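Asker: output the structure for:
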Amino acid sequence: MNPSKVMFVVYILVFVLAFSVDIGVYYKGSENAKRSLAKAIDSGITASTDVNSYTMGKTLLEPAELSSNVRRFFISNLKLDNDLSNRIFRDGHLEVRLQYRSDGAPRVVAIYRANIAMVSGKFVGLDETPLEVVKQTPYYAEYK
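Answerer: Model (predicted):
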């Protein structure tokens with residue numbers, strides 16, 4: 001076999017291997033971010049609940065505490081630095097807000113945006129790819 005053909009096949013195989021690693025890292029990173037964000041929302045709700053509201057039979061949330069608690073638990077779950085970045089996730093941004101449905105029931109919505117580092121993308125000049133994870137409390141979990 002011609003040495004140039006062998007080198008071409010080796011180059012293609014290395015690119016395919018790097019591309020498959022990128023797909024795996026993106027999928028695993030996305031799944032980890034989704035699970036961590038869901039857990040952070042639940043933990044943030046628990047930590048941000050006004051304890052005195054229990055006596056009234058309601059669960060009142062403190063919006064400022066909710067945002068900071070969700071951020072704190074999310075950083076802890078994914079082992080991120082204060083810039084919401086680590087070896088895999090770069091330039092992270094977390095947005096947490098309370099939204100209200102038409103019937104007045106609030107929902108906690110969290111959006112995490114980051115870039116995931118790529119290996120095969122470096123061959124074509126793409127070092128990272130964007131990721132956006134949106135999580136919210138389910139409709140049956142109503143907090144007031």
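Asker: what residues sit buried inside the lowest-mean-pLDDT helix or strand in the chain?
Answerer: One helix or strand of the chain scores below all others by mean pLDDT, DSSP states H and E: helix 121-124, with a mean of 74. Using 16 or more other C-beta atoms under 10 Å as the test for burial, helix 121-124 gives G121. No exception for glycine: its C-beta is placed from N, CA and C like everyone else's.
Asker: ok, residues contacting it?
Answerer: 15, 18, 22, 127-129 (C-beta atoms under 8 Å, 6 or more residues apart in numbering).
Asker: most neighbours of all these, which one?
Answerer: Counting neighbours by other C-beta atoms under 10 Å, D22 leads these with 19 neighbours.
Asker: secondary structure class for that residue?
Answerer: helix (DSSP: H, G, I helix; E, B strand; the rest coil).
Asker: quick check: it touching V119?
Answerer: Yes: taking C-beta atoms under 8 Å as the definition, D22 is a contact partner of V119 at 5.5 Å.
Asker: centroid residue for this protein?
Answerer: A33 (3.4 Å; C-alpha atoms, centre = their mean).
Asker: shouldn't that one be in contact with F89?
Answerer: Yes: under the criterion of C-beta under 8 Å, A33 makes contact with F89 at 7.4 Å.
Asker: quick check: neighbours shared by those two?
Answerer: Joint contacts of A33 and F89 (C-beta under 8 Å, 6+ apart) are 78, 114, 131.
Asker: report the contact partners of T137.
Answerer: Going by C-beta under 8 Å, 6+ apart, the list of residues near T137 reads 41, 45, 107-109, 143.
Asker: list only buried entries from those.
Answerer: By 16+ other C-beta under 10 Å, the contacts of T137 give 41, 45, 107-108, 143 as buried.
Asker: so which of these sits lowest on pLDDT?
Answerer: Scanning these for pLDDT, the low point is Y143. It has 51.
Asker: go through the shared contacts of A33 and F89 and flag which are in helices.
Answerer: In helices, defined here by DSSP state H, the members of the shared contacts of A33 and F89 are L78.
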